[in-house]
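**Student:** Here is a sequence with its predicted model. Questions after.
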Amino acid sequence: MARVIIMGGGVSGHTAASFLAKWIGKKHEIIVVTPNALWNWIPSNIWVGVGDMSKSEVTFPLAPVYKKAGIDFRQAKAVSINPEGKESSDDAFITIEYTGQDKEEQREEITYDYLINATGPQLNFQATDGLGTAGHSGDHTVSVCSADHAVHASQELKICIEKMKAGERQTFLIGTGHGMCTCQGAAFEYIFNIEHKIKQEGLRELADITYITNESFLGDFGMGGIHFNTGGYTTSSKIFAESLYAERGMSWILGAHINKVEEGKVTYETLDGEINEQEFDFAMLIPPFGGVGLKAYGKDGVDITETIFAPNGFMKVDADYTPKPYEEWKPSDWPRTLQNQDYKNIFAVGIAFAPPHIISKPMSSPNGTPINPTPPRTGMPSAMMGKAVAMSIRDMINDVSIEPTHTASMAEMGAACVASAGKGIFKGTAAAMTVYPIIPNFEKYPGTGRDNNGTTGEIGLAAHWIKHILHFGFLWKAQMKPGWTLIPE
Amino acid sequence: MSKSDHIKHIEPYSPQFGAMIPGKFQKFLRTCVLWQLVRFVAINIRMTILILKSHH
Ligand SMILES: Cc1cc2nc3c(=O)[nH]c(=O)nc-3n(C[C@H](O)[C@H](O)[C@H](O)COP(=O)(O)OP(=O)(O)OC[C@H]3O[C@@H](n4cnc5c(N)ncnc54)[C@H](O)[C@@H]3O)c2cc1C
């Protein structure tokens, strides 16, 4: 009997665990180590953040789901990996520290045959002075990265709405809290939902709404922008995004690295080297992401973290990490099997794997401050990586192959993204975007780097319906309710 | 009522001044239930093709 441990029960880890349990769970052991008792459908946190959904509508308890699926659930965080075992044993193991199940702070070693790192991002609020501490936003701004953060954001928003009802003008600042952030999509969705909410309240004239971003142009999204076929033109996402903001009377600040957050004010540096300030009454600023800080040790106890992990804390896999200039980046730099090359029984999926480089063009201010989006790893690619790695491990355990049998390269897959612009069965809208492939391939698709037939974007009520259906669909799938395998990743 | 009533004042030479602004008909289509039912089917087909192309 083989044992597979999945560290992290979010989008990618939960997908891998569910499929492994279904395919090989009867004969082999599947363990999920994840620190939260509740599973969160993160994309719907946007609606929690404007008070349109409650925390309970976007979360569910994991324990009963895992019990039914035959998955051994450890409510704990992984602390370290010993891929070679220790002096007394050759068995590879991880060390975990419990956060629940009445074993808080207790440590345990668990051996594994295969290990999947799906620990997602560490929310590095502390990277910007005044933005917060590791994992938590500070006193001046809010976040929507977790369901609890989003509940807090909605409470703060409510206070602003009350002030506007009393005739007080309010300034909203939404965007990225550091020059090296990713996840612009979440900030994009949140600003549109805030605007929609305020409009619904009849208070739009009293709100100044500004987007601040590390993107050098609106619509970069950390992917170097996208081109859609629309109205007989191949149109850049810059045009698409600028139109959406301008239509709603929202302004934007581009190429910004926020270096300080104070009560009601941010100080930021721009790509042209200027230092500016922007005041706010309400600010939601996404933190930069890093790896969760897992350590690795050799058999003799020597720290081998740098062998397995990149300096940003993400796990190295089968990518080409050779440093090279932007002009020499190739789609083949991106990992395919997501297998660690030093320890072939370890894989990393979703946000946890180390990208070979960013996707957008690297940029910095004249002072040398890097200001560019880091690569997004959204829900669909994350889940697809989880499933591909689950298939490979299943086949390796079943002796079908000694090498991974499936791939999930961001250079060979597309992403579908539905970004909400406001909720409502008849008045809601969302932007439905598809991009293929995620990593531009200028050799295969000269011109825009992407397949023009697979790269599309439009805004409307239909996309909102899809977003809402996805909310229910993915929560259904994650709870492994009847027919869950029919819902695609 | 002038034809451009749907456009609020945009400060000349501001970044927003260079943006494309949708007209009334375009905005109407975005929440027109009949048209959006058609778009719903179209977007779903598009996404299904994308998913099929992406699995390896
Ligand atoms: C507000 C917001 C809105 C978004 N909206 C969209 C959207 O509309 N569409 C879309 O495609 N994507 C969206 N995303 C992105 C999407 O949420 C991520 O792509 C996806 O969650 C990444 O999956 P993951 O498994 O890599 O990480 P996660 O889903 O974050 O999962 C990581 C898991 O690991 C756990 N963990 C952390 N540390 C440890 C440890 N030491 N040991 C064990 N476990 C650990 C965490 O608790 C978590 O459960 C959004 C993100 C945000 C923040």
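**Tutor:** Alright, I've got the coordinates.
**Student:** Only C-alpha atoms from now on, for both contacts and neighbour counts.
**Tutor:** Will do.
**Student:** quick one: secondary structure of A:Thr485?
**Tutor:** Here A:Thr485 is helix, with the state taken from DSSP: H, G, I helix; E, B strand; the rest coil.
**Student:** Output the longest helix belonging to chain B as CSV, nothing but the C-alphas.
**Tutor:** Assignment by DSSP state H gives helix B:33-54 as the longest helix of chain B. Output of helix B:33-54 as CSV, limited to C-alpha atoms (Å, rounded to 0.1, in the frame of the first residue of the first chain):
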residue,chain,number,x,y,z
VAL,B,33,-32.0,38.8,-21.3
LEU,B,34,-32.8,37.4,-24.8
TRP,B,35,-29.4,38.4,-26.2
GLN,B,36,-27.6,37.3,-23.1
LEU,B,37,-29.2,33.8,-23.3
VAL,B,38,-27.6,33.6,-26.8
ARG,B,39,-24.3,34.8,-25.3
PHE,B,40,-24.6,32.3,-22.4
VAL,B,41,-24.7,29.4,-24.9
ALA,B,42,-21.8,30.9,-26.9
ILE,B,43,-19.6,31.5,-23.9
ASN,B,44,-20.2,28.0,-22.6
ILE,B,45,-19.3,26.5,-25.9
ARG,B,46,-16.2,28.6,-26.1
MET,B,47,-15.1,27.6,-22.6
THR,B,48,-15.8,23.9,-23.2
ILE,B,49,-13.6,24.0,-26.3
LEU,B,50,-10.9,25.7,-24.2
ILE,B,51,-11.1,23.1,-21.5
LEU,B,52,-10.9,20.2,-24.0
LYS,B,53,-7.9,21.8,-25.6
SER,B,54,-6.1,22.3,-22.3
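**Student:** any bit of it sitting next to chain A?
**Tutor:** Yes. Against chain A, helix B:33-54 shows contacts by CA under 8 Å from any CA of the partner chain at B:33, B:36-37, B:39-40, B:43, B:46-47, B:50-51, B:53-54.
**Student:** how about the residues of chain A near chain B?
**Tutor:** So chain A meets chain B at A:239-240, A:242-247, A:249, A:251, A:384, A:388, A:406-408, A:412-416, A:426-429, A:432, A:434, A:436, A:454, A:459-463, A:465-466, A:488 (CA under 8 Å from any CA).
**Student:** If we check the ligand, which of these are in contact?
**Tutor:** Taking CA under 6 Å from any ligand atom as the test, the ligand is in contact with none of these.
**Student:** Now, these that are in helices?
**Tutor:** Those of the residues of chain A next to chain B lying in helices (DSSP H): A:239-240, A:242-247, A:384, A:388, A:461-463, A:465-466.
**Student:** are any of those residues buried, and which?
**Tutor:** A:239-240, A:242-247, A:384, A:388, A:461-463, A:465-466 (16 or more other CA atoms under 10 Å in any protein chain shown).
**Student:** from the residues you listed, which is closest to A:Phe347?
**Tutor:** A:Phe347 lies nearest to A:Ala388 out of those, by CA to CA, at 10.7 Å.
**Student:** A:Thr407 is in contact with the closest one, correct?
**Tutor:** Yes. With contacts defined as CA atoms under 8 Å, A:Ala388 counts as touching A:Thr407 at a distance of 5.9 Å.
**Student:** List the strands paired with the lowest-mean-pLDDT helix or strand in chain A, with their directions.
**Tutor:** The least trusted helix or strand in chain A, going by mean pLDDT, DSSP states H and E, turns out to be strand A:227-230, with a mean of 87. Strand A:227-230 has its sheet partners listed here by DSSP bridges as strand A:233-236 (antiparallel).
**Student:** How far away from the center of its chain is the partner strand?
**Tutor:** On the basis of CA atoms, centre = their mean, to the nearest Å, strand A:233-236 sits 27 Å off its chain's mean C-alpha point.
**Student:** Show me what the longest helix of chain B is packed up against.
**Tutor:** Contact partners of helix B:33-54 among helices and strands, from 3 or more CA pairs under 8 Å, 6 or more residues apart in numbering or on different chains; DSSP states H and E: strand A:415-420, strand A:430-435, helix A:461-478, helix B:24-31.
**Student:** any low-confidence regions in chain B?
**Tutor:** Scanning chain B for pLDDT under 70 picks out the ranges B:1-7, B:56.
**Student:** Swap in 90 and give it another go.
**Tutor:** B:1-11, B:15, B:51-56 (pLDDT under 90).
**Student:** Helices of the stretch 1-150 of chain A, residue ranges please.
**Tutor:** In the stretch 1-150 of chain A, the helices defined using DSSP state H, counting those that start in this stretch lie at A:11-24, A:45-49, A:55-58, A:62-69, A:147-165.
**Student:** wait, A:Val79 sits on A:Val292?
**Tutor:** No. Here A:Val79 does not reach A:Val292: they are 9.1 Å apart, not a contact under CA under 8 Å.
**Student:** Please give me every residue in contact with the most centrally placed residue in chain B.
**Tutor:** Residue closest to the average C-alpha location in chain B (CA atoms, centre = their mean): B:Arg30, at 6.1 Å. Applying CA atoms under 8 Å, 6 or more residues apart in numbering or on different chains, we find B:Arg30 in contact with A:429, A:459-461, B:36.
**Student:** If we use 7 Å, what do you get?
**Tutor:** Counting by CA atoms under 7 Å, 6 or more residues apart in numbering or on different chains, B:Arg30 makes contact with A:459-461, B:36.
**Student:** swap in A:Met53?
**Tutor:** By CA under 7 Å, 6+ apart, A:Met53 lies in contact with A:Trp47.
**Student:** What parts of chain A come near the ligand?
**Tutor:** So far as CA under 6 Å from any ligand atom goes, chain A lies against the ligand at A:7-13, A:33-36, A:42-43, A:45-46, A:77-79, A:118-121, A:144-145, A:186, A:292, A:350-352, A:377-380, A:382, A:417-419.
**Student:** and A:Met315, backbone torsions?
**Tutor:** Backbone torsions for A:Met315, taken as degrees, to the nearest 10, come to phi -80, psi 140.
**Student:** isn't it right next to A:Phe347, touching?
**Tutor:** No. Here A:Met315 does not reach A:Phe347: they are 8.5 Å apart, not a contact under CA atoms under 7 Å.
**Student:** for stretch A:110-130, how far is the first residue from the last?
**Tutor:** End-to-end distance for stretch A:110-130, by CA to CA, to the nearest Å: 38 Å.
**Student:** hang on, the earlier thing: neighbour count: A:Val79 and A:Val292, which is higher?
**Tutor:** Legend: neighbour count by other CA atoms under 10 Å in any protein chain shown for A:Val79 and A:Val292, higher for A:Val292 (22 against 18).
**Student:** helix, strand or coil for the more buried one?
**Tutor:** Secondary structure, three-state DSSP: A:Val292 is coil.
**Student:** Just give the number of residues close to the nearest residue to it once chain neighbours are set aside.
**Tutor:** Closest residue to A:Val292 apart from its sequence neighbours, by CA to CA, 6 or more residues apart in numbering or on different chains: A:Gln122 at 4.7 Å. Per other CA under 10 Å, the neighbour tally for A:Gln122 reads 19.
**Student:** which stretches of the stretch 251-400 of chain A form helices?
**Tutor:** A:305-308, A:379-397.
**Student:** Kindly reformat those as TSV containing mean pLDDT.
**Tutor:** Listed next are the helices of the stretch 251-400 of chain A as TSV, based on pLDDT from 0 to 100:
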stretch	mean pLDDT
helix A:305-308	97
helix A:379-397	97
